[in-house]
Structures are given as C-alpha cells and as structure tokens.
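Asker: Based on what follows, work out the 3D shape:
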Amino acid sequence: MSGTGCYRRRSARVILLDSSQRVLLLKFFFDSADIQQGHGWVTPGGGVTENEPLPDAAARELHEEIGLRVRPDALGRPIAYTTGYADLGWANGRFRDDFFLHRVSAHHVDTAGMEALERSHHAGHRWWSLDELTGTSDIVYPFGLAPLLQQVVTAGIPPQPVQLPWHH
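Answerer: Below is the predicted model of the structure:
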C-alpha cells in the first residue's frame, strides 16, 4: 500500500499488547501550550511518508515513539482502521488510521526517539488492562478500542479489518 493516496494524512498505528493482555497507550496534551485543555490517550504510531508501506511506517513509529524495534513483516496486516474528515489546524481533509496488532512479553518504553512536536505534546504512557480501558472516562483513540481488544482476546484477530468510529 502506498502512503497518502487520496487521503490528506495516512497514519499507521500499533495496538501493542503485553503478556498480561494490557495495551500500551501514550498520553498526550491536546494543546501543549495550554495543558488545561486536557489530554487523551493514543496507540503508538503516526504519519506514513509518501510511498512508504504501512507496515514499514508502523515499525518506524514504534521505534521512534517507544523504542521498540520490530520487523515490518512481523506486524502482519492491519486489524482495524478509522477514517473521516478533520481540521486539525495544521492540516484538514480526509484522514485514515490503520491499526496493526503486535504482542510482546514486556517492553520498557523509551521515548528518546520522539520528534520535537511529539515530545511537546507527550505526557507519559501507561499499560492498560481491558477492564481499566473499558471503565475509563478519559478520551482514548481510537474510539472502539476496548470492544476491539475484547474481540481479539476472546475470539482472535478478526478475519477482515474492523472499521472503528471516526474520532473528530
């Protein structure tokens, strides 16, 4: 798959599960200049460069954002996606996020490889159990992550990528 295609921005993200079935989420401030604007949680990942295959982008982002080295072919195919229109100030148009699933026994998060913009919004990380994720009132992207994880844990990877609700 190519990078941007008809999308304003294409992202490759990774749902990272540890051996306790916990998912890693990165905490970010909506506005790094005004932390009173609140925060949300998101899976590791980010923008796909022109003509970059999705698995390559996902593997690159894992290394940059959390210090995890993964071969792109170890990620398999996306298990979910979300798409829709957004106006983020720095870009507007149709966006699409594709989500891969990757399992690790454990991982110590290292954010030293984050880009400056990412660091300016980064507010920490946390491994979440499914119960914690289901019960939180915090904003978590992608919407629908908890039901997707429930399906993965109980029934396995869906046969086709699941469309999750758009979040803007």
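Asker: When you work out contacts or count neighbours from here on, use the C-alpha atoms and nothing else.
Answerer: OK.
Asker: Can you show me the CA trace of the helix-or-strand element of the chain with minimal mean pLDDT as CSV?
Answerer: Least confident helix or strand of the chain, by mean pLDDT, DSSP states H and E, is helix 116-121 with a mean of 77. Provided in CSV are the C-alpha atoms of helix 116-121 (Å, rounded to 0.1, in the frame of the first residue of the first chain):
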residue,chain,number,x,y,z
ALA,A,116,10.1,17.6,18.8
LEU,A,117,6.4,18.1,18.1
GLU,A,118,5.6,14.7,19.6
ARG,A,119,7.7,15.5,22.7
SER,A,120,5.9,18.8,23.1
HIS,A,121,2.5,17.0,23.4
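Asker: Tell me the helix or strand right after it.
Answerer: Counting by DSSP states H and E, the next helix or strand C-terminal to helix 116-121 is strand 122-128.
Asker: Parallel or antiparallel, list what pairs with that next one.
Answerer: strand 23-29 (antiparallel) (DSSP bridges).
Asker: contacting residues for A74?
Answerer: The contact partners of A74, by C-alpha atoms under 8 Å, 6 or more residues apart in numbering, come to H102.
Asker: For my notes, confirm it occurs in a helix.
Answerer: Yes - with DSSP: H, G, I helix; E, B strand; the rest coil as the criterion, A74 is part of a helix.
Asker: For A123, see how far away it is.
Answerer: Separation of A74 from A123 (C-alpha to C-alpha, to the nearest Å) stands at 29 Å.
Asker: could you pull out the strands for this protein?
Answerer: In the chain, the strands defined using DSSP state E lie at 9-17, 23-29, 39-42, 45-47, 80-87, 92-103, 122-128, 139-141, 162-163.
Asker: biggest helix in the protein by residues?
Answerer: helix 54-66 (DSSP state H).
Asker: by contact count, what packs against it?
Answerer: Packing partners of helix 54-66 (3 or more C-alpha pairs under 8 Å, 6 or more residues apart in numbering; DSSP states H and E): strand 9-17, strand 45-47.
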